[in-house]
Each structure stands twice: as C-alpha cells, then as structure tokens.
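Undergrad: Here is a sequence together with a model predicted from it:
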Amino acid sequence: MEITYNLQKEFKAIFNTTVQPRMFFAPGRINLIGEHTDYNGGHVFPASISYGTFALAAKRNDRKLRFYSMNFSEIGIIEADLSDLTYKEGDNWANYPKGVLLYMKETGYDISQGLDILYYGNIPNGAGLSSSASIELATSVLLNNLFNLRMDRIPMIQLGQKVENQYIGVNSGIMDQFAIGMGKENHAILLNCETLDYEYAPLVLDDHVISIINTNKQRTLAGSKYNERRSQCEQALHELQEELSIKTLGELSPEEFEQNKHLIKDEVNQRRAKHAVYENARTLEALEHLQNGNLAEFGELINQSHVSLRDDYEVSCLELDTIVQTAWEQESVIGARMTGAGFGGCAIAIVEKDKIEEFKKSVNDIYREKVGYDATFYIASIADGAKEIN
Ligand code: GLA
C-alpha cells in the first residue's frame with residue numbers, strides 16, 4: 001500500500017530515526033440505528049468503516065513519549081514521560097493516547113519503555129465518526145502488541161470508554177469503542193449495551209450503498225449538550241424507579257413507557273426518555289428487517305429514528321435536517337438519518353448504487369443554497385476492527 005510506505009518515511013523523518021516502526025489501523029464507525037441508547041442500557045447497531053486512524057509506533061530505550069499527528073502537524077511533536085501521564089490542556093489531542101497509557105499502567109500492565117508514535121487519520125476530525133475512539137483503540141492495540149500484554153478486546157474497549165469518561169470528561173457510552181474494537185468486514189454489530197452481548201449481522205443491501213454525508217459543521221462532544229442529555233435521561237429513570245423496578249430505560253417496552261410516563265414530571269425529560277425507549281425498540285426491529293431482507297421497512301425505521309432525534313431528543317440541527325430531508329425526497333433513497341451524537345457531524349443515507357452521483361448533486365445543491373457551503377460525501381465500506389497491519 002502506497003499510503004503505508006509514505007507513513008513509514010514520514011515516521012523516520014519526523015522522529016529522525018532509522019528504526020522501522022510497526023503499523024496499526026483502527027477504523028471509525030457509523031451507526032445504522034440505535035442513537036443515544038447506549039448509555040441508557042439499550043441496543044445499538046453500528047459498523048466500523050474503512051476510514052480511520054493509522055498509528056506507527058516504535059519502542060524507545062528511555063521512558064520518553066513522543067506523539068505526532070499528521071492531522072495536527074502545526075502542533076508538532078508533543079512530548080511526555082511515562083512517569084507523568086496526568087491530563088494536560090497543552091498536550092491537546094495527545095491526551096487521548098496518554099489516557100490510554102495511564103489506565104493501562106494503572107491496571108497493572110507492564111509498560112516501562114517509552115515510545116515514538118505517529119498518527120494519521122483519514123476520517124475528518126469532529127465529524128461524528130469517532131475519530132477519538134479510533135485513536136484510543138489504535139493506541140491500545142499497538143501497546144498490546146508491542147509489549148505483549150495479551151489483553152482481551154473487551155477490556156481494551158472498556159478502557160477506551162474510561163479515557164473518554166474520566167480522563168477527557170465526556171460521559172459517552174460504550175458504542176464507539178465497541179464498534180471500532182469489534183468491527184467485522186461487511187457486518188454491522190447488534191450490541192446490547194447493558195450486558196455487552198452482541199451479534200454480527202451481514203450488511204446485505206442489494207443494489208444499495210451507504211453514503212456518509214459530512215455537514216462540515218464542526219462540533220465537539222465535550223462542548224455540546226451531550227452530558228446534559230445524559231443527565232436528563234438519568235433524571236427520568238430516577239422518577240420511573242419510584243414505582244418500577246428497572247435498572248435502565250432500555251428495559252422498558254414502548255407500551256410500558258406509555259403506561260408509566262406520567263411519573264416523569266418534566267415534559268422535556270419525558271420526551272428524552274421516550275426517544276431512548278422507542279429508539280431501542282426500533283433498533284431490535286431493524287435487525288429483524290435487515291436479516292429478512294426487508295430493506296424498505298429497515299429504511300423506514302431509520303427515517304423514524306431521525307424524526308425522534310430531531311423532535312424528542314433535540315440533537316439534530318439545521319445542517320443535518322437539510323441533508324436528511326433532501327435525501328428523503330430522492331427516489332433512490334430508502335432511508336436517511338443523522339448518525340452519532342448529533343449537533344453537526346454526519347448523516348447517512350442508503351442510496352441506490354447507480355443513482356449515487358445524482359443523489360450527491362441533488363443533496364449538495366440544496367445544502368449549499370440553505371447552509372452556504374458544501375457537504376462532503378463518502379461511500380462507507382464496512383471494514384474490520386482495530387488491528388496491526390503490515
Ligand atoms: C457518541 C458517543 C456514543 C453514543 C453516541 C450517540 O458517539 O460517544 O457513546 O452515545 O454519541 O448514540
């Protein structure tokens with residue numbers, strides 16, 4: 001692969017070394033359906049994509065850490081030391097790998113030599129395709145392989161979530177790290193986020209492809225209303241628990257929710273909980289439709305998911321709504337919705353393969369007219385989870 005050769009050259013030039021680094025890749029992810037359900041004990045249905053993060057790494061003979069990202073070349077090399085892995089504002093994006101290193105060491109894994117690591121991501125940052133979880137998993141896998149840690153995948157995934165929650169301060173669920181750690185070519189993963197039971201579903205879309213449409217509107221999870229949504233759901237759950245013995249919103253069927261929703265005092269919190277419950281039910285139904293080849297019904301659930309995220313959960317925005325609404329108006333589209341946390345980032349649409357150019361043009365013309373700049377279109381190929389490449 002041309003790209004890997006160039007990355008190796010870059011590694012040697014940046015770190016001024018002749019050492020041959022080992023190479024790793026962690027994908028990004030899309031989520032087909034099951035949005036904002038992971039931290040509510042529900043199901044999600046994500047898939048890892050062929051865009052992601054390359055990481056090239058070599059051990060050093062001292063305890064120094066040198067991180068470099070080709071995506072933030074203006075920042076240059078960020079240096080740290082194994083004996084001080086505390087979060088530092090000035091360390092910018094390198095806090096992600098530092099967090100991974102810190103928690104691995106705290107877990108008891110023996111990492112006593114420093115490293116040079118170069119990252120290159122071909123997923124746009126802040127596009128809602130999980131570039132941060134991709135960096136975390138690329139880092140865990142490289143540490144695991146370079147130091148022969150024999151760490152299982154699930155603990156690696158959980159460690160990535162812990163970095164987000166405790167080190168970075170975003171109260172996110174397990175979906176992104178799971179999708180990136182466990183991804184499988186041409187398959188989506190139906191995951192129960194409470195038990196971590198999962199199954200792979202072949203992503204058979206007949207003559208259709210999944211288009212990823214980037215609004216090019218930047219958003220950061222930490223700065224967004226993500227944590228607020230999470231606490232609204234917790235409040236709703238708390239009030240339901242006064243009469244129901246449930247641990248999560250994911251345990252409720254839509255019927256049970258309707259019978260008990262009066263327990264949630266605040267109207268806004270009631271709508272947040274409604275989304276979580278109905279979205280979970282839609283996700284399970286979507287799996288069945290996909291398995292039975294009912295693509296039209298599958299697409300309809302994807303559309304309903306967007307409506308619910310827009311109206312009840314209120315995490316969409318003008319940019320996402322414009323893309324999704326225009327996509328719905330195309331005959332070639334069987335379903336479209338925002339994907340990921342929302343507030344910007346990306347939408348996905350399932351589009352007839354032969355009509356993809358027409359689709360892009362129609363959506364982008366309207367988008368540019370309404371928003372003032374272009375959207376970017378990618379075709380998602382569903383690829384394997386994080387691994388070493390050679
Ligand atoms: C972000 C979080 C995930 C999940 C989604 C919304 O991607 O990292 O844990 O909550 O938002 O479904």
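TA: Right, received. Where do you want to start? Not measured: the values here are computed from a predicted model.
Undergrad: Residues of the stretch 151-300 of the chain that sit close to the ligand?
TA: Counting by CB under 6 Å from any ligand atom, the residues of the stretch 151-300 of the chain close to the ligand are S172, G173, M175, D176. For every residue, glycine as well, the C-beta is placed using N, CA and C.
Undergrad: low-scoring pLDDT stretches of the stretch 251-390 of the chain, where are they?
TA: The stretch 251-390 of the chain contains no residues with pLDDT under 70.
Undergrad: Which parts of the stretch 1-150 of the chain are helices?
TA: Remark: helices assigned in the stretch 1-150 of the chain by DSSP state H, counting those that start in this stretch are 2-15, 95-107, 131-146.
Undergrad: Those: which one's closest to the ligand?
TA: The ligand lies closest, by CB to the nearest ligand atom, to one member of these: helix 131-146, at 6.9 Å.
Undergrad: CA atoms of the closest one as CSV?
TA: Taking C-alpha atoms only, helix 131-146 is exported to CSV below (Å, rounded to 0.1, in the frame of the first residue of the first chain):
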residue,chain,number,x,y,z
SER,A,131,-12.0,9.8,15.5
SER,A,132,-11.2,9.9,19.2
ALA,A,133,-12.3,6.3,19.9
SER,A,134,-10.3,5.4,16.8
ILE,A,135,-7.1,6.9,18.3
GLU,A,136,-7.8,5.2,21.6
LEU,A,137,-8.2,1.8,20.1
ALA,A,138,-5.2,2.2,17.7
THR,A,139,-3.2,3.1,20.8
SER,A,140,-4.4,0.1,22.9
VAL,A,141,-3.8,-2.4,20.1
LEU,A,142,-0.3,-1.1,19.5
LEU,A,143,0.6,-1.1,23.2
ASN,A,144,-0.8,-4.6,23.5
ASN,A,145,1.2,-5.9,20.6
LEU,A,146,4.5,-4.0,21.2
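Undergrad: Show the subsequent helix or strand relative to it.
TA: Per DSSP states H and E, the first helix or strand lying C-terminal to helix 131-146 is helix 153-162.
Undergrad: buried residues in that following helix?
TA: Across helix 153-162, burial judged by 16 or more other CB atoms under 10 Å covers R153, M156, I157, Q158, L159, G160, Q161, K162.
Undergrad: Any stretches of the stretch 1-150 of the chain with poor pLDDT?
TA: Within the stretch 1-150 of the chain, the set of residues satisfying pLDDT under 70 comprises 1.
Undergrad: By proximity to the ligand, which residue of it wins?
TA: Nearest residue of the stretch 1-150 of the chain to the ligand (CB to the nearest ligand atom) works out as E35 at 4.1 Å.
Undergrad: That residue and L309 touch, don't they?
TA: Yes: E35 lies in contact with L309 (CB atoms under 8 Å); the separation is 5.8 Å.
Undergrad: Among those two, which residue is more densely surrounded?
TA: Here E35 and L309 are set side by side on neighbour count (other CB atoms under 10 Å), and the busier one is E35, at 29 against 23.
Undergrad: The more buried one: what's it in contact with?
TA: V44, E279, S305, L309, Y313, V315, R337, M338, T339, G340, G342 (CB atoms under 8 Å, 6 or more residues apart in numbering).
Undergrad: ok, 6 Å please
TA: E35 is in contact with L309, counting by CB atoms under 6 Å, 6 or more residues apart in numbering.
Undergrad: in which helix or strand would I find I356?
TA: I356 is part of helix 356-371 when elements are defined by DSSP H and E.
Undergrad: mind saving the C-alpha coords of that helix as CSV?
TA: The C-alpha trace of helix 356-371 is given here as CSV (Å, rounded to 0.1, in the frame of the first residue of the first chain):
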residue,chain,number,x,y,z
ILE,A,356,-25.3,7.9,-6.3
GLU,A,357,-23.9,10.8,-8.5
GLU,A,358,-27.4,12.2,-9.0
PHE,A,359,-28.0,11.9,-5.3
LYS,A,360,-24.9,13.8,-4.3
LYS,A,361,-25.7,16.6,-6.7
SER,A,362,-29.3,17.0,-5.6
VAL,A,363,-28.5,17.0,-1.9
ASN,A,364,-25.5,19.2,-2.2
ASP,A,365,-27.3,21.8,-4.4
ILE,A,366,-30.0,22.3,-1.8
TYR,A,367,-27.4,22.1,1.1
ARG,A,368,-25.3,24.9,-0.4
GLU,A,369,-28.3,27.0,-1.1
LYS,A,370,-29.5,26.7,2.5
VAL,A,371,-26.3,26.5,4.5
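Undergrad: Can you mark which positions in it are buried?
TA: Buried residues in helix 356-371, defined by neighbour count with 16+ other CB under 10 Å: I356, F359, K360, S362, V363, N364, I366, Y367, V371.
Undergrad: Excluding chain neighbours, what is closest to D38?
TA: G173 (3.0 Å; CB to CB, 6 or more residues apart in numbering).
Undergrad: So which residues of the stretch 251-390 of the chain form strands?
TA: Applying DSSP state E, counting those that start in this stretch to the stretch 251-390 of the chain gives strands spanning 333-339, 346-352, 376-379, 387-389.
Undergrad: Could you pick out the longest strand of the protein?
TA: Selection of the longest strand in the chain by residue count, based on DSSP state E, yields strand 46-59.
Undergrad: coming back round to it: the residue nearest to D38 reaches Y39, doesn't it?
TA: Yes: between G173 and Y39 there is a contact under CB atoms under 6 Å: 3.9 Å.
Undergrad: about what we covered before: state whether the residue nearest to D38 is indeed within a helix.
TA: No: read with DSSP: H, G, I helix; E, B strand; the rest coil, G173 is coil and lies in no helix.
Undergrad: Backbone dihedrals for it, please?
TA: Phi and psi for G173, reported as degrees, to the nearest 10, are phi -90, psi -160.
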